[in-house]
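# quick check, what structure comes out for this input:
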Amino acid sequence: MGNSFHTLSDLFRQLGLPDTRADISRFIALHRPLPQSMPLADAPFWRPNQAQFLREEVAEDADWAEIVDTLDASLRHPGPTLMPMQTPLWPS
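Okay, here's the model as predicted:
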């Protein structure tokens with residue numbers, strides 16, 4: 001594992017997603033809770049290249065793995081959800 005420190009904003013930027021704190025909170029609220037039996041990279045909301053990146057980083061225990069695990073835990077934590085119609089500016 002590398003010694004790089006990445007934030008959720010860095011990860012969202014790497015995935016090509018909006019990366020402000022509000023954007024990340026909205027994404028998590030919209031997509032949680034992720035079923036415990038579903039690997040993060042298999043979630044239906046990822047594009048193929050995003051899923052591949054997540055899968056590879058965790059499998060290789062790469063420097064992104066820790067922040068990917070943080071996102072995974074955040075998506076599994078039950079909490080308030082947003083319906084897509086409540087977020088008209090959120091990309092699909």
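# what about the residue lying closest to W64 once chain neighbours are set aside, is that helix, strand or coil?
Among residues not flanking W64 along the chain, E57 sits closest, at 4.1 Å (CB to CB, 6 or more residues apart in numbering). C-beta here means a position set from N, CA and C on the backbone, and glycine is covered the same way. With DSSP: H, G, I helix; E, B strand; the rest coil as the basis, E57 sits in helix.
# number of residues surrounding Q36?
Per other CB atoms under 10 Å, the neighbour tally for Q36 reads 6.
# quick one: which helix or strand includes the most centrally placed residue in the chain?
By CA atoms, centre = their mean, the chain has its centre lying nearest to L71, at 4.9 Å. Following DSSP states H and E, one finds L71 within helix 65-76.
# residues in contact with that helix?
For helix 65-76, contacts defined as CB atoms under 8 Å, 6 or more residues apart in numbering pick out 1, 6-8, 10-11, 28, 31-34, 36, 40, 43, 54, 57-58.
# in it, what counts as buried?
Residues of helix 65-76 classed as buried under the neighbour-count rule (16 or more other CB atoms under 10 Å) are 65-68, 71-72, 74-75.
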